[in-house]
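K.L.:
dropping a prediction and its sequence here:
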Amino acid sequence: MLRVSIAKKLSYFNLSVEFQVENNQILVLCGPSGSGKTTILECISGLFTPTGGAIELAGNVLYSSDLDVNVPAKDRRVGYLFQDYALFPHMTVRQNVVYGLRNPNKSAAGKNGLDYKQVLESFGVPHLIDRFPGQLSGGEKQRVALARALVVQPQLLLLDEPFSALDNKSKQKLQQEILRLHQDWQIPMVLVTHDEEDALALGDIIVSLHQGKVVEMKLR
Amino acid sequence: MIHLNDWFPIWLSLQVAFLSAALVSVTSLPLARLMASKSFRGRDFLEAAIMLPLVLPPSVVGYGLLVMIGVNGPLGKLLGQFGLSLVFTKIAVVIAATVVAFPLMYQSARAAFASVNPNLEKAARTLGAGELRIFFTVTLPLAWPGIMSGLVLAFARALGEFGATLMVAGNIPGQTQTIPLAIYFAVESGDSATASTLVAMITVFCFLLIFWVNRWNKKRLH
């Protein structure tokens, strides 16, 4: 379960949001460009520090201005799918996917006895293992990026505008994949999009943002 | 045919160029990395100061160095107490070459570091990597071609340093006479054989250097 209650002073407005996501829920942050959605993701993942508030994940305090706690990004176990996928261009798909694993040859510790080859297979990309990101299509890059984020078994997955570069057919396919992912991994997911249709298709909770404030919160 | 009475300038110039390149690398890389990522008040001012030796006439740089390490300068006085003097020594040659070569490598390295997509470092952070690991596995490999170009430029600049060297180290044959100084004074004294030999050697060397680095860069991009 993820609990977020943060405030952040930005150049054009003050960000102030509060929400909570259970393991079996997908929360969608919806709003126009510049409404602070990506900033919220960066605060949750520890890449950015809020001005004040608290972030709690799976019972652990990741950030608290009252308790003066600020866990660094590398220790938060928050998976992040960047809008441009951020695959390391100088590394193969295999090297990208195992980057977060301490011991790539042993399976990652966890209830499923996870191993990166299995994860790649579940995303349908095991044949790309020795290719470089520059040789992949957009959809393949996205799947590799998802595999890389999930192989380290994060407790939360953040997705920044995953639909923005896709056509309608690919969008629908990705929507199905995200729902399947959610079923398989059972972790809370926070997804950012500026498209209301995508929000309605996926969100168990839809938070509409405008200029850094929550203007509406819908529950399915 | 090679007409060279004294091979010392070649030996000295190469030594100085390699030493300066090493010193420049060790000092400019961390600085460039810092300046590329953090923004603070006075950053532009500091950067202009760092880049100054690049745009100032070498004789001005030489004058500045003399003021600092000369017998009456702060560093010169300090060393004088131990009976040491930096001016007109090999060390002064290295100092002059390093100071003029520094901005070249710094500039290339800073641009190279700044060109690395910040999302890549962010992604590495979310995957659990510490800052040092991120630097060596993500930032440095991606900035490497730019850094190498900077290194070659710095090396070439150190090899060719003349004005500042003449002022702080002088043209002492067998001690501080580098190739550029030897060429100048050979021409001055009418020794065109020595001059043309040295010119030919250094031209061929620099040509091969640029040629090889360009080839290496092309190969890197597969």
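P.N.:
Yep, that arrived. Residues are numbered from 1 along each chain as shown, chains lettered A, B, ... in the order given.
K.L.:
leaving out the residues flanking it, which one is nearest to whichever residue of chain A sits closest to chain B?
P.N.:
Shortest chain A-to-chain B distance, computed as CB to the nearest CB: residue-wise this is A:G100, at 3.3 Å. The way it works is simple: take the backbone N, C-alpha and C, and place the C-beta from them, glycine included. Computed as CB to CB, 6 or more residues apart in numbering or on different chains, the closest residue to A:G100 that is not its neighbour in sequence is B:L127, at 3.3 Å.
K.L.:
and for that neighbour, the neighbour number?
P.N.:
24 (other CB atoms under 10 Å in any protein chain shown).
K.L.:
need the contact list for it.
P.N.:
Residues in contact with B:L127, defined by CB atoms under 8 Å, 6 or more residues apart in numbering or on different chains, are A:74, A:99-100, A:148-149, A:152.
K.L.:
do the same with A:P133
P.N.:
Counted by CB under 8 Å, 6+ apart, A:P133 has contacts A:85, A:87-89, A:91, A:93, A:96, A:141, A:144.
K.L.:
now do A:Y99
P.N.:
A:88, A:91, A:148, B:124, B:127, B:129, B:137.
K.L.:
the third one - that's part of a helix, no?
P.N.:
Meaning A:R148. Yes. Secondary structure of A:R148 (DSSP: H, G, I helix; E, B strand; the rest coil): part of a helix.
K.L.:
so how far is A:A73 from the residue lying closest to it once chain neighbours are set aside?
P.N.:
Closest residue to A:R148 apart from its sequence neighbours, by CB to CB, 6+ apart: A:V97 at 4.8 Å. Going from A:V97 to A:A73 by CB to CB, to the nearest Å gives 19 Å.
K.L.:
more neighbours, the two?
P.N.:
Neighbour count, other CB under 10 Å: between A:V97 and A:A73, A:V97 has more, with 30 against 22.
K.L.:
pretty sure that one contacts A:V151?
P.N.:
Yes. Contact criterion CB atoms under 8 Å: A:V97 and A:V151 qualify, at 5.7 Å.
K.L.:
hey, what's in contact with both of those two?
P.N.:
In contact with both A:V97 and A:V151: A:116, A:119, using CB under 8 Å, 6+ apart.
K.L.:
can you tell me the SS state at the residue nearest to B:P141 when sequence neighbours are not counted?
P.N.:
Using CB to CB, 6+ apart and skipping the chain neighbours, the partner closest in space to B:P141 is A:H90 (5.2 Å). Classification of A:H90 using three-state DSSP returns coil.
K.L.:
contact residues of chain A facing chain B?
P.N.:
A:42, A:45-47, A:72-76, A:78-80, A:82, A:84, A:86, A:88-90, A:99-100, A:148-149, A:152 (CB under 8 Å from any CB of the partner chain).
K.L.:
right, I'll leave it there.
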